[in-house]
Every structure is written in C-alpha cells, then in structure tokens.
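> Would you be able to build a 3D model of this:
(one chain, ligands or ions: 1)
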Amino acid sequence: MKDIRTLSLQELTDYFVQIGEKPFRAKQVYDWIWSKNLHSIEEMTNLSKPLREKLSETFVINPVSVDLLQKSKDGTIKNGVKLHDGLMVESVLIPTETRTTACVSSQVGCSLNCEFCATARLKRMRNLEVAEIVDQVALIDRQSRLYFDRPLSNIVFMGMGEPMMNYNNVVDAIRKITQPEGLGMSARRITVSTSGIPKMIKRLADEDLKVKLALSLHSAVEQTRNEIMPFSTKFPLTEIMEALQYWYEKTGSAITFEYCVWKGINDDERHIKALINYCRKVPSKVNLIQYNPIGEGKFDHRSVAAEEHYVRELTKAGITVMVRRSRGGDIDAACGQLANKGTE
Ligand code: SAH
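Numbering: from 1, shown residues only. Next up is the predicted model:
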C-alpha cells in the first residue's frame, strides 16, 4: 500500500474530491502528518470514523523507528533509525548548554568516497524519502523535550549521505520542516553540509530557503583534495568557488568551511596559504573539526600543534576560525563515524 506521506497536498485534495469528500479534508490530513508528525491514520480524530477506515484501506504510514539508542557520556544521543524496508541510518542529538542540534542523514550510505569517512564504506545506498528525513527531525525534537526539557533548536545535514545527491527530497523536507503549516522551525537554524557539487549549490541558492551552507573543504590544494576525496576530480575548486560566490550573491549568507588538519597530509604552509587564499574569495569562516578515527591509518595522526598553527595563521589573516570540539566519540556518533556499527 502507498504511504499517504508520498502525496502532495494537491494529490491529497484530488483524492478526497474523487471519493466524494470535501477538499478541506486534505488540509486536515496534511496537518496531522506534517505538522503533528502523527503516525496513525486511526488517530486523525477530526475525520469521521468511516473516513478513517476508508483511508486505512487505501494508505499506510511508514514511520521510521529507533532500533538502537546510545548515550554518550557528553550527553550526545545516537539513534540507529530503522526504515520501513529494514535499512538503517543514524541520527544524532547533540546537546550544548543552550541548544540542541539534530544531525540528520539524507541517504543510506553515501555515493561519494571520502577516504576519511566511515559512511563512505557502506555499500548499500538509497536516497531517504521526504518523510524519513522529517521523521528524524521530529524524533530528535521529542528526545530533546524528553531528556533536556526544551525543543530542538538547530538542524545540520551532516549525518550519513550527501544531501546534494538527494536534492529534491532534502529540499522538500526542509520546506516541510520550516513551513508554518509543517514543523515551523526556523530555516536560519538549518545547515546543509555538502562536499561540494557546484551545480547543486547554485540550485539550492535559487530556492530561497534561507538555510546556511557548509562546505567540506579539507584542502584548498586541488591535488590533495582529489586524493582524499576522489570524487572531487569532477569538481575543480575553481568551479566550487564560483558556485559559492553565486550562493553568497543570492543569499547574503556566508559559507562555513569544514576542515580537518592531518599530519603529513595538509599541515604544511602551502596548505595553510591555499586555505587563506580560498577563504578570501568569498565571505566565509572556517570550522576546524577534530578528526574522528575510523581506523584508516593514514589519517590517524592528529596534531594539536598543527591545528593551533592553522588557528594562528588564519586569525592573523583576518579569517574567523573556530575549533569544533568533537562530540559523541565514545559511541561512534561523531562526524564521519556513522556506519551502523552498533547494529552489525
Ligand atoms: N556529505 C556531507 C555531509 C556529511 S559529513 C559533507 O560531506 O559535507 C559531515 C562532515 O563530517 C563533513 O564535513 C565531513 O567531511 C566530516 N567528516 C567525515 N569524516 C570525518 C571524520 N572521520 N572525522 C571528522 N570529520 C569527518
């Protein structure tokens, strides 16, 4: 049976008209599924019982479910989220003193091949449906209220997958998350993180969604970037920059560059200079992310001194730089560690 959440408002309206019901029924159902995140047709109490029964004969709702919940000693919660076909993704709740951030997945596995990322090693891949993305947000919002007594405040598309490779569903999900008749969250508190697909960055700029954009850079030296993120040979840094400049022109929103420092890979002056030059081309700031080991020897040499050197040089060059403390490392919930490990 068809999931009722795959229907647009228009399709729902057509359906109700076709079965001789009033068109406004569509709005009522839409409100239950997208605003209240209701997972049961039976509980749509403003519809008559016969109508609910009729709906149930035609449609289902396939919610995601939490299969495994792990809590880190720093408060981070990692959810192993089961989809209706049995596949799994991970969604992480990251609490700080003032906020709760949901780190959500956009694909099962990932179609890209960043050598330092655990998700890239997963073979099975499919795009998440709109409802599967919205469900992750709704479930983390519920957890935030339950465990931290406050609603979810921020969303980052930094879980499994490349959001730009599931573009339509990610954009539709963001609309449902932000629309007043959806979950009503502020788009300014949503960050889409991409490894850099120029055409899609431009397309997202044209959507007028008001979301923030983060770009996983890791190296502004073409050759190095191609080595550690092999797919990027198709997307030269100059093309990415052109897309970022377009993004800034259209949205007025500065870019965040995500960057790990690895000894022997990008810790020398040449890489620092290249990063500074790259940052100067577009309003931006740098988040230095702590590398989370995934057992790939060549990346396993973290150098705090090298990170500090980056911070000094970037600051001297007038570039805003933040060092991002890693969260949830003890339960493999940190960036790049999402690989359904607990469920294997
Ligand atoms: N595909 C998107 C979003 C998912 S990754 C993207 O590439 O941006 C979220 C962030 O974690 C990215 O910046 C990614 O480069 C980074 N990351 C991947 N593996 C990591 C690891 N092992 N340690 C730290 N950060 C990692």
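
> how about the strands in the protein?
Secondary structure of the chain (DSSP state E): strands at 2-3, 59-60, 65-71, 77-82, 88-95, 100-103, 107-108, 126-127, 154-157, 190-194, 212-216, 255-259, 284-289, 321-324.

> Using PDB, list the CA coordinates for the fifth one.
By that I understand strand 88-95. Only the C-alpha atoms of strand 88-95 are listed here, as PDB (Å, rounded to 0.1, in the frame of the first residue of the first chain):
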ATOM      1  CA  MET A  88      19.300   1.700   8.800                       C
ATOM      2  CA  VAL A  89      20.500   5.200   9.100                       C
ATOM      3  CA  GLU A  90      21.800   7.200  12.100                       C
ATOM      4  CA  SER A  91      20.500  10.400  13.600                       C
ATOM      5  CA  VAL A  92      22.300  12.200  16.400                       C
ATOM      6  CA  LEU A  93      21.100  14.600  19.000                       C
ATOM      7  CA  ILE A  94      23.900  16.900  20.200                       C
ATOM      8  CA  PRO A  95      23.200  19.000  23.300                       C
END
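
> and it, what other elements does it pack with?
Secondary-structure packing of strand 88-95 (3 or more CB pairs under 8 Å, 6 or more residues apart in numbering; DSSP states H and E): strand 77-82, strand 100-103, strand 107-108, helix 130-148. Quick note: C-beta positions are derived from backbone N, CA and C, even for glycine.

> Also the last one?
The criterion is 3+ CB pairs under 8 Å, 6+ apart, and the helices and strands that strand 321-324 contacts are strand 284-289, helix 304-316.

> Try it again at 10 Å.
strand 255-259, strand 284-289, helix 304-316 (3 or more CB pairs under 10 Å, 6 or more residues apart in numbering; DSSP states H and E).

> closest one to Arg325 among those?
strand 284-289 (9.3 Å; CB to CB).

> Distance from the closest one to the middle of the chain?
In terms of CA atoms, centre = their mean, to the nearest Å, the centre of strand 284-289 is set 17 Å apart from its chain centre.

> likewise stretch 60-80?
Per CA atoms, centre = their mean, the centroid offset for stretch 60-80 relative to its chain is 15 Å.

> again, but for stretch 188-203
10 Å.

> Same question for stretch 133-150.
15 Å.

> Using PDB, list the CA coordinates for that stretch.
In PDB, the C-alpha atoms belonging to stretch 133-150 read as follows (Å, rounded to 0.1, in the frame of the first residue of the first chain):
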ATOM      1  CA  ILE A 133      14.100  13.000   6.800                       C
ATOM      2  CA  VAL A 134      11.200  14.800   8.600                       C
ATOM      3  CA  ASP A 135      10.800  11.800  11.000                       C
ATOM      4  CA  GLN A 136      14.400  12.100  12.100                       C
ATOM      5  CA  VAL A 137      13.900  15.700  13.000                       C
ATOM      6  CA  ALA A 138      10.600  15.100  14.700                       C
ATOM      7  CA  LEU A 139      12.000  12.200  16.700                       C
ATOM      8  CA  ILE A 140      15.000  14.200  17.900                       C
ATOM      9  CA  ASP A 141      12.700  17.100  18.800                       C
ATOM     10  CA  ARG A 142      10.800  14.700  21.000                       C
ATOM     11  CA  GLN A 143      14.000  13.400  22.600                       C
ATOM     12  CA  SER A 144      15.200  16.900  23.200                       C
ATOM     13  CA  ARG A 145      12.000  17.700  25.100                       C
ATOM     14  CA  LEU A 146      12.100  14.400  27.000                       C
ATOM     15  CA  TYR A 147      15.800  14.400  28.000                       C
ATOM     16  CA  PHE A 148      16.700  18.100  28.000                       C
ATOM     17  CA  ASP A 149      13.300  19.800  28.600                       C
ATOM     18  CA  ARG A 150      13.500  22.000  25.600                       C
END
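
> quick revisit: can you redo the strands of the chain as a markdown table with mean pLDDT and mean neighbour count?
Formatted as a markdown table, these follow (pLDDT from 0 to 100; neighbours: other CB atoms under 10 Å):
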| stretch | mean pLDDT | mean neighbour count |
| --- | --- | --- |
| strand 2-3 | 94 | 13 |
| strand 59-60 | 97 | 16 |
| strand 65-71 | 94 | 15 |
| strand 77-82 | 96 | 23 |
| strand 88-95 | 95 | 25 |
| strand 100-103 | 96 | 25 |
| strand 107-108 | 96 | 22 |
| strand 126-127 | 96 | 16 |
| strand 154-157 | 98 | 23 |
| strand 190-194 | 98 | 21 |
| strand 212-216 | 98 | 21 |
| strand 255-259 | 98 | 21 |
| strand 284-289 | 97 | 19 |
| strand 321-324 | 92 | 15 |
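
> Can I get the ones you listed in TSV including distance to Met229?
TSV is the format used below for these (distance: least, CB to CB, whole Å):
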stretch	distance to Met229
strand 2-3	35
strand 59-60	39
strand 65-71	28
strand 77-82	25
strand 88-95	21
strand 100-103	20
strand 107-108	16
strand 126-127	21
strand 154-157	17
strand 190-194	12
strand 212-216	8
strand 255-259	12
strand 284-289	14
strand 321-324	19
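
> Name the residues of the stretch 101-250 of the chain found near the ligand, please.
114, 116-117, 158, 162, 193-195, 216 (CB under 6 Å from any ligand atom).

> Thank you kindly, that will do.
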